[in-house]
Structures are given as C-alpha cells and as structure tokens.
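> Sequence below, structure please.
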Amino acid sequence: MEDGASQELEGKKETKKGTTIHFISKKPRTFDSPNIKHNQISAKEILDYCLSKKILAVDTETEGLDFLTKRVIMFQIGDAENQFVIDTRDYDISFLRPVLESKTIKKLLHNVKFDYKFIKKCYNITLENIYDTMISERILSTGKDILPGYHSLEQVCLRRLGKQLDKSTRNQFINLGGQPFTDKQIVYGAEDVENLIKIAKSQIEEINKYGLGPVLELENEVSLAFSDIEYNGIGLDVEKWRLIADDSKIELDNALKDLNEEIFKDSLFTRYINKNVQIDMFAETAEYEVLMNWSSPLQVLTLFKLIVPTLENVNAKELYTIKNRHVIIKKYIRYKEVEKKSNAYGMAFLKYLGADNRIHTSFNQILNTGRVSSRDPNMQQIPADNKYRNCFISGYDDWVFVSSDYSSQELCIIAYGSKDPVWLKALSEGKDLHSVCAELVYGKIWEDAQDPDCDFYKIDPVTNEMQRSKCNCKEHKSLRNGVKTINFGLAYGMSKFKLADTLLIEIEEAAMLIEKYFSSFPSIKKFLDSLGTYGLDNGFIKTFAPYKRIRWFSKWKPNIRKDRDLFKEVGSIERASKNTPIQGSGADMCKYALTLVRDYIAEHDLPVKIVMAVHDQIDTIVRKDYAEQWKKEFTDLMKQSTLPIIPNGLLEADTNISDFWEK
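Numbering: from 1, shown residues only. This is a model prediction of the structure:
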C-alpha cells in the first residue's frame, strides 16, 4: 500500500474506547444496542469526517447479486472508531462522491468488483484508490492448496481475527423489501467496516514480510479495470449466434455418427453392436444400434481398455498420449471437443445475456501464475475461430472495436530473461525467430531443404546482405514448425513425450531434437534450468521484477529431490518454476497495461470503454470518429506497459480496428 495510508494502517493502535455506529434512516425506531446512534449526525458531518481520513472501509448490502436489476439497500463506511450505516432505501449516498472518487483516500473493501458495480450502477460513482482484502489474501496464498471459500470474508475473518461471522444475518438482506433493518443487521453491517480495517492491518504485515508491495499495488489498481470490464459488458449479435449454435448441433451429430461408425469397422468392438435392433428399417443397408453411452467415462474406459489394457482413465490429458493407438480414440477426442463447444457455446450461452442485452463475465483475478480466468460465461475459452468471436459486437451505433495484443510476448520474455544473443538479435531486427532458430538447429538439413518456392535466403537490395525471413516453402515450413513447437513449449517445460505427440514423431527423435535445440541455445537452457532449480531449492518461484509475484508450491519440502515418493511432484514443481516467471510476468505486464488504459481514458474523458481482456490481448470499444487516434494512443500505452519488465523496448504491440471482436 503506497503513500501515507500504509504508514497509518501499520501504525494504527487498537482503540480502547469502543466504536460508535451512526445509523441514518427515515424510519423512526429504538435500539437495544447503546452503541447505535440514530440520525444524530448530518450528511455534511459524515462527509467532513470521511474527508479527514486517509483510510476508510467501505461495504454494501444489496437485495440480490445482479447489479443490473437489484439495488443497494445499505451502505457502510467508516473506520475503527466510527461506522456510518446508511439506509439507502431512504437516502442517496451521492454526497459521498468526493470520498469514493478520491485518489488520496484509500478505501478498503472485500471483493471490490461486487460493490463497485452496484455503486456505479445505482449512483454513477466510480471508485478510485482501493485496497481489496480478498485480492490481498489471494496474493499471499497463490499456489497453495486451499479449500473452497478460503478467500471469502467469513473465512478471512475466522482465520485472521478469530471471529465467526453470522451468515444467517447476512442472508436476511436478500429480498428484504421495505422492512426496517434489525439491530443485528445494522451491527453486522458496521462490523464489516471494522473487520476490514483489522484484516488489512494483518495482511500488510505479511505483504511487507515477503516483499509483495508492488504486486499488491498492481492488483488493487487493475481490479478497478476488471470492474469496468464486468460493468461495461460486451454486445452480442443474437441472431448470428443462433445460426452458429444450429451449425454446432449438426457438427455434434456428425461427430457422434463418425465415432459410432468406428465400432462397425473393427471386430474388436463387436460386443458393442446390437444386431437385434435396426435403426432405420427403410435403409438400403442395415444400420444397427451401437451399445455405447459415450457420455459415460466408465463405459468409454471399458471399451478403450480393449486397445490399451493399462489405461486408467479417459481424461483428455491421458488420451492425448495414446491418441495414435487407434483412430477411434482420435474420433472420441474430437467428439468430446465438439460436444464441449456445442454445450458451452450453443443456445445455452444466451442465458448469460444481461438485462441490458450485453454479456457481463466475472473475472477470477489471480490464478497460480498470476493469469486471469473468467466465468458466467468463460470468455477466456471462447473458440478462437472468428466465426464465434465476430458474434460479439460493440452494441452501440457508430462504435467499433480497437484491440491490442503483444507481439510474441512470451518469446520476448524468454529472450530477455535468458539474454540469448540469437533471440535478442532476431527479435530486435524483426526477423522471424522460428526460422532463425530452425536454421541453427537443423544446420545443413535446413540449407539443403530448399524447393523452387523457397524465399528464406534473400539479398537485401540496399545493404547487399543476406536477409533471412519467414519461408513457407514445404520443406522449410515443416522444419520451422518443429522448432516453433519447442519455442512455445519452453514456457511449459515441454517433455520429449509431448513433443513427439505434437509432431507425430518417435520419442527418440523428439529427445534428439530437444538436445540439439538446447546445444544451439545454451543460454536458454541455463536460464530455464536455473528457474527449475530455484523452485526446487526454495519451495516457491517469483515473476520478474519489479512485481516479483510469489507462487508457492504447497507439496514442497526441504530435500524434496531425495524423497522417492515425491518423484512426480519434483517434476511438477520444476515445470511450474520454469513456466510461472514467463507466463506470470506476461500477466503482470497485461495488468499494468489495463491500469494505464483505464487511467488514460478517465484522465482525458475519452469515448472509449474497456470490454474484454484475454491473456495478452486487451479489447476496447470506441466511437468510430475517434478510432484512428485511439489506435495510436492505445499502442503507445501497450508499449509503455512492457518497459518495467522488459526495459530494452524489445516487445511491440499490434493494434487493430474492426467492427467485431476478433482474435
């Protein structure tokens, strides 16, 4: 936590005077609790008190979870000494705008995105300068094995304060209507304010202990950008979506038919044919019933054991390793992929349309590497096919998409981290990195693998030097794809088995290719090995400076390499230690970009809205007459966001204007 707010929170002493609850409501009543003061303070006095503070806690109680259709019914703000509980069915809290929008007063909340959307919708107030106790807890627990609800206010209170919250009281706010609040509800709301102050104090001590201040500041700032995305939503062309949903249903039916046909082609599966039941009595040839429920993992496993007797389950990861054993396995994988797509992105997807006819996803801001996921719906997993993406629209007349993503982000991070001279030179000169790598790895094989269409070796007419570029001739393309697979697999600790499966080559050939690759790029091997060693030695790994996000390995213990029972865990930690600094630093970069974009839009009052963020791509919508100007400004902001992590300016951004959402 930056500025004087951090010092005030760290130095805060527990009060011995007790607290005062100021309840503001138009409903006359008496209270059993002597701490509750009813209507004994004015709006101006509340505002003056709040403006005099550097830190305040904020909370809301709502009549439901949907910010588009439900309202705030209680608003709480204050500190450890005074809590102001306002019945918002009687009073508008707009008078607190100077506090809530202040960039100098720190507001503490738990799960800020929830309160943010309700406050913005009901009062057109945009929160600024926040500290999210839930986000802080996620930062501290990244990578640890945790139970469901671990980051909820109830669990955090129990863990940090030894205090059990009364869930029954919280649930009474739903559908309360115009009924007056009970003493319990008022005290519950006020205690949430007091609890947040105490929780944040406890968290800050731990955050400072592990040097996580920079990543805490980043996550708090970007939570407001994610709040904006969830609030803004994204438009959907419903009719276009319906057509795609119909097509995907046909595709699913065909995939199932194709899968069933394999049962008839191999005598191994005879037991799964019911010859007593013919599907179509008028068909020219007999079509018999297949005795197989492809939705039953147990039945599928039983069938596949006829092919691979040692098979233990039919999850996707397991099946990919044996997909070449029999065509029916490939067709089953294909069927499950089509089924998943049809179920998730068919007609059922339309249930996510909000009351404003826009899609409002919900982000999980911190995964193990620092990356983001989303749900209800999962916009991170929308098929990359523009057939799906183009269904998403601005939803406003004369507004278009302006989207920007980084050019080879993870490769640039590896190049910077490893300081590999070949990679740095190729990227800085704008050469095709995969082709340059393939030339070094394959050597004479690459030189001899030319056909009449080869355009890799060109003479630059200006410098008269050999200019190496991406070549799409058949032979070079095949070799390039092999090295490209390794390049992108570096961030995930790709094994020889995975490489063999991806390139459809023998495991021994894959092992030799990896060995040759690392002999060509020893600095990259040294860099990745050092990350793996660090994770195994310390039980955690960090992303690049300046954020240095920590991912803990919950199953780690000292001398883990010597424990035979943890052999698999050693490999898992080693792979994660290589992956997290690369993928996590990319996530840190994207989050910083979101904060820059959000601040720039607000500072210049631009006709621009952030509507989506998927990994290394940020999507905005903008009024069409400003699109070209915003494209330039957006690109500059994306470039600026790379410099704290890759200060050599190696990483560029591509920005495009389109009428629809595009990959």
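> Residues touching the helix or strand harbouring Ile21, excluding its own?
Here Ile21 sits within strand 20-24, counting by DSSP states H and E. Residues outside strand 20-24 that contact it (C-beta atoms under 8 Å, 6 or more residues apart in numbering): 31, 33, 35-41, 43, 46, 78, 81-87, 90-91, 181, 186-187, 190. For glycine as for every other residue, the C-beta is placed from the backbone atoms N, C-alpha and C.
> Which of these are buried? Put it as a PyMOL command.
If you want just the buried ones from the contacts of strand 20-24 in PyMOL, going by 16 or more other C-beta atoms under 10 Å, the selection is:
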select buried, resi 35+36+38+41+43+46+78+82+83+84+85+86+87+181+186+187+190
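> From the contacts of strand 20-24, which land in helices?
43, 46, 186-187, 190 (DSSP state H).
> Now for those: which two are most distant?
The most widely separated members of the ones in helices among the contacts of strand 20-24, counting by C-beta to C-beta, are Ala43 and Val187 (22.1 Å).
> Helices of the stretch 401-550 of the chain, residue ranges please.
Secondary structure of the stretch 401-550 of the chain by DSSP state H, counting those that start in this stretch: the helices cover 409-418, 421-428, 433-442, 444-448, 474-489, 496-503, 507-520, 522-538.
> what's in contact with stretch 260-269?
By C-beta under 8 Å, 6+ apart, the surrounding residues in contact with stretch 260-269 are 272-273, 288, 290, 292, 303, 306-307, 326-328, 331.
> Let me have those in CSV, adding distance to Leu65, pLDDT and neighbour count as columns.
Shown next, in CSV, are those (distance: C-beta to C-beta, whole Å; pLDDT from 0 to 100; neighbours: other C-beta atoms under 10 Å):
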residue, distance to Leu65, pLDDT, neighbour count
Tyr272, 46, 93, 17
Ile273, 50, 90, 16
Tyr288, 50, 70, 15
Val290, 44, 89, 21
Met292, 41, 91, 18
Leu303, 43, 96, 20
Leu306, 48, 95, 15
Ile307, 47, 95, 15
His326, 47, 94, 18
Val327, 47, 94, 13
Ile328, 44, 96, 23
Lys331, 41, 95, 18
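> Output the helices of the stretch 401-550 of the chain as CSV; include the columns distance to Leu353, mean pLDDT and mean neighbour count.
Compiled in CSV, the helices of the stretch 401-550 of the chain are given as follows (distance: least, C-beta to C-beta, whole Å; pLDDT from 0 to 100; neighbours: other C-beta atoms under 10 Å):
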stretch, distance to Leu353, mean pLDDT, mean neighbour count
helix 409-418, 32, 94, 23
helix 421-428, 42, 91, 17
helix 433-442, 41, 88, 22
helix 444-448, 52, 83, 12
helix 474-489, 35, 85, 18
helix 496-503, 38, 83, 17
helix 507-520, 46, 90, 16
helix 522-538, 43, 95, 18
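> what would these look like in a markdown table with distance to Lys106?
Formatted as a markdown table, the helices of the stretch 401-550 of the chain follow (distance: least, C-beta to C-beta, whole Å):
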| stretch | distance to Lys106 |
| --- | --- |
| helix 409-418 | 32 |
| helix 421-428 | 40 |
| helix 433-442 | 44 |
| helix 444-448 | 58 |
| helix 474-489 | 41 |
| helix 496-503 | 46 |
| helix 507-520 | 48 |
| helix 522-538 | 32 |
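> From the contacts of stretch 260-269, which land in helices?
303, 327-328, 331.
> can you list the residues you listed in TSV and add distance to Asn171?
Below are those laid out as TSV (distance: C-beta to C-beta, whole Å):
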residue	distance to Asn171
Leu303	47
Val327	54
Ile328	50
Lys331	48
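> These: which two are farthest apart?
Leu303 and Val327 (13.4 Å).
> Now Gly233. Nearest residue, chain neighbours left out?
In space, and not counting its chain neighbours, Gly233 is closest to Arg358: 3.2 Å by C-beta to C-beta, 6 or more residues apart in numbering.
> likewise Met638?
Ala653 (3.6 Å).
> any idea how far the one you found lies from Ser403?
For Ala653, the distance to Ser403 equals 10 Å [C-beta to C-beta, to the nearest Å].
> now the longest helix belonging to the chain, how far from the centre of its chain.
Ranked by residue count, the top helix of the chain under DSSP H comes out as helix 567-604. Distance of helix 567-604 from the chain centroid (C-alpha atoms, centre = their mean, to the nearest Å) equals 10 Å.
> What of stretch 409-428?
Worked out by C-alpha atoms, centre = their mean, stretch 409-428 lies 25 Å from the chain centre.
> ok, residues contacting that stretch?
Taking C-beta under 8 Å, 6+ apart as the rule, stretch 409-428 contacts 406, 408, 431-433, 436-437, 440, 487-488, 490-491, 521, 523-524, 526-528, 544, 581-583, 585-586, 589, 616, 645-646, 648, 650-651.
> repeat for stretch 39-51
22-25, 56, 77-78, 82, 84, 91, 95-96, 98-99, 102, 105.
> care to break the protein down by domain?
3-209, 238-348, 363-411+522-663, 421-520 (automatic domain parsing).
> Just put those domains in TSV and tack on distance to Glu219.
Output for these, formatted as TSV (distance: least, C-beta to C-beta, whole Å):
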stretch	distance to Glu219
domain 3-209	5
domain 238-348	28
domain 363-411+522-663	7
domain 421-520	22
